[in-house]
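Peer 1: All I have is the shape, not the residue letters:
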């Protein structure tokens, strides 16, 4: 597998990639909970709450890792 060290990824591409990923996760959350419960309101509620707390957790995780110096060359 080749490294892509000579290619620059645009911010627009990164944003579209992040948005499409979140959409996939939202749909999977909804579908999974709906399959287990058969209730649209429960699935929608879980989808909303789940995506709020996972987004907060991701930001906190990123901020913690921003302080970790392990594995950074230089």
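Peer 2: Nice, I can see it. A quick note: this is a predicted structure, and the numbers were derived from the prediction, not measured.
Peer 1: Not counting residues beside it along the chain, what's closest to the residue positioned nearest the centre of the chain?
Peer 2: In the chain, the centroid-proximal residue (CA atoms, centre = their mean) is residue 22; its distance is 5.4 Å. Of all residues not flanking residue 22 in the chain, residue 51 sits nearest, at 7.2 Å (CB to CB, 6 or more residues apart in numbering). For glycine as for every other residue, the C-beta is placed from the backbone atoms N, C-alpha and C.
Peer 1: same question, residue 42
Peer 2: Here the residue nearest residue 42, using CB to CB, 6+ apart, is residue 33, at 6.3 Å.
Peer 1: mind checking how far the helix or strand where the residue nearest to the centre of the chain lies is from the chain centre?
Peer 2: If you go by DSSP states H and E, residue 22 is part of helix 11-37. Centroid separation between helix 11-37 and its chain, computed with CA atoms, centre = their mean, to the nearest Å, is 8 Å.
Peer 1: name the helices or strands packed onto it?
Peer 2: On a contact count with 3 or more CB pairs under 8 Å, 6 or more residues apart in numbering; DSSP states H and E, helix 11-37 meets helix 40-67.
Peer 1: Would you indicate which residues of the helix it packs on are buried?
Peer 2: Neighbour-count burial for helix 40-67, counted by 16 or more other CB atoms under 10 Å, picks out 43, 46-47.
Peer 1: ditto for stretch 27-42
Peer 2: Applying 16+ other CB under 10 Å to stretch 27-42 flags 29-30, 33-34 as buried.
Peer 1: Just the closest of the residues you listed to residue 63, please.
Peer 2: Using CB to CB, residue 29 comes nearest to residue 63 of those, at 24.0 Å.
Peer 1: Who are the contact partners of the closest one?
Peer 2: Residues near residue 29 by CB atoms under 8 Å, 6 or more residues apart in numbering: 43, 46-47, 50-51.
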